[in-house]
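Q: sequence? don't have it. structure:
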């Protein structure tokens, strides 16, 4: 049993979907999984295990930001022997090439976090997705996305600050091809590499840094279903 998840041995599947919002975790479990059972409510960070098309899968909230995600990802990898984690989150578009509700499948993640600088003593480690999951998600997106919604493959920027004090630095990231900003993918990819596991981040554009468009909190919690179907298909190979 881990400190922050608190599930008993065997309650967590080797395949985990990881939204930041614990309420989105509950919505995913109730909407997509059969016989879903809640295995943790510690600190309100909900986790569930059920089945999808007969395959066992868990959904675990991570909270916001890399320090919070790192706690849950570390415990999933080390205490529950989880093999695959797919982040299903929201992101802010940094370019007009993306529209609200488009899906970003992250091949890699840049960051301003000090976490990797401490780990690698100043070297610039480049955290990337598992290629098998990446390819599976791209293939799934081609069949599952509705008309008018596009999938984009490329870099995310995992920022430590939601309200950035230096927004011009984010714009510089966009100039170098970064598609969108979120707060977790870099830590997830780094921890997966450390423990020899598979990880992917798939994010739906919930707001647009350039145009100012945004979705509501309720929409972010309960209406990003296409992203979830892509993640389940990629992770379970269906």
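A: Now that the structure is in, tell me what you want to look at. Small disclaimer: the values here were computed from a predicted structure and weren't measured.

Q: tell me which strands and helices the lowest-mean-pLDDT helix or strand in the chain is in contact with?
A: One helix or strand of the chain scores below all others by mean pLDDT, DSSP states H and E: helix 217-222, with a mean of 83. Counting contacts by 3 or more C-beta pairs under 8 Å, 6 or more residues apart in numbering; DSSP states H and E, helix 217-222 is packed against helix 22-32. Bear in mind the C-beta positions are built from the backbone N, C-alpha and C, glycine included.

Q: try 10 Å this time
A: helix 22-32, strand 84-93, strand 198-208 (3 or more C-beta pairs under 10 Å, 6 or more residues apart in numbering; DSSP states H and E).

Q: Including distance to residue 177, could those go into TSV?
A: Shown next, in TSV, are these (distance: least, C-beta to C-beta, whole Å):
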stretch	distance to residue 177
helix 22-32	28
strand 84-93	13
strand 198-208	16
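
Q: of all the ones you listed, which lies closest to residue 179?
A: Residue 179 lies closest, by C-beta to C-beta, to one member of the helices and strands packed on helix 217-222: strand 84-93, at 7.2 Å.

Q: Quick check: neighbours of that closest one in the sheet, parallel or antiparallel?
A: strand 15-18 (parallel), strand 180-182 (antiparallel), strand 198-208 (parallel) (DSSP bridges).

Q: Which is the succeeding secondary structure element to that strand?
A: strand 103-111 (DSSP states H and E).

Q: got the contact list for whatever helix or strand comes next after that next one?
A: Moving toward the C-terminus from strand 103-111, the next helix or strand (DSSP H and E) is helix 115-120. Here helix 115-120 makes contact (C-beta atoms under 10 Å, 6 or more residues apart in numbering) with 66-67, 70, 111, 122-127, 158, 160, 186-187, 189-191, 194.

Q: ok, residues contacting the least confident helix or strand of the chain?
A: In contact with helix 217-222 (C-beta under 10 Å, 6+ apart) are residues 19-28, 30-31, 89-90, 100-101, 204, 206-207, 214-216.

Q: quick one: buried residues of that helix?
A: 220, 221, 222 (16 or more other C-beta atoms under 10 Å).

Q: and the residue most central in space within the chain, what does it touch?
A: In the chain, the C-alpha nearest the mean C-alpha coordinate belongs to residue 87, at 2.1 Å (C-alpha atoms, centre = their mean). Counting by C-beta under 10 Å, 6+ apart, residue 87 makes contact with 16-20, 62, 69, 73, 106, 109, 129, 156, 182, 184-185, 187-189, 199-203, 231.

Q: hmm, 7 Å instead?
A: 18, 184, 185, 188, 201, 202 (C-beta atoms under 7 Å, 6 or more residues apart in numbering).

Q: Quick check: the last one vs residue 156, distance?
A: With distances defined as C-beta to C-beta, to the nearest Å, the gap from residue 202 to residue 156 amounts to 10 Å.

Q: buried stuff in stretch 61-80?
A: 61-63, 65-66, 68-77, 79-80.

Q: Give me the phi and psi for residue 169.
A: For residue 169, the backbone dihedrals (degrees, to the nearest 10) come out as phi -70, psi -30.

Q: again, but for residue 66
A: The phi/psi pair for residue 66 (degrees, to the nearest 10) is phi -70, psi -40.

Q: And the closest residue to it other than its chain neighbours, how close does it get to residue 214?
A: Spatially, and ignoring its direct neighbours in sequence, residue 66 is nearest to residue 187 (3.7 Å; C-beta to C-beta, 6 or more residues apart in numbering). Distance from residue 187 to residue 214, counting by C-beta to C-beta: 25 Å.

Q: Which one's more surrounded, those two?
A: residue 187 (28 against 15; other C-beta atoms under 10 Å).

Q: No further queries at this time; thank you.
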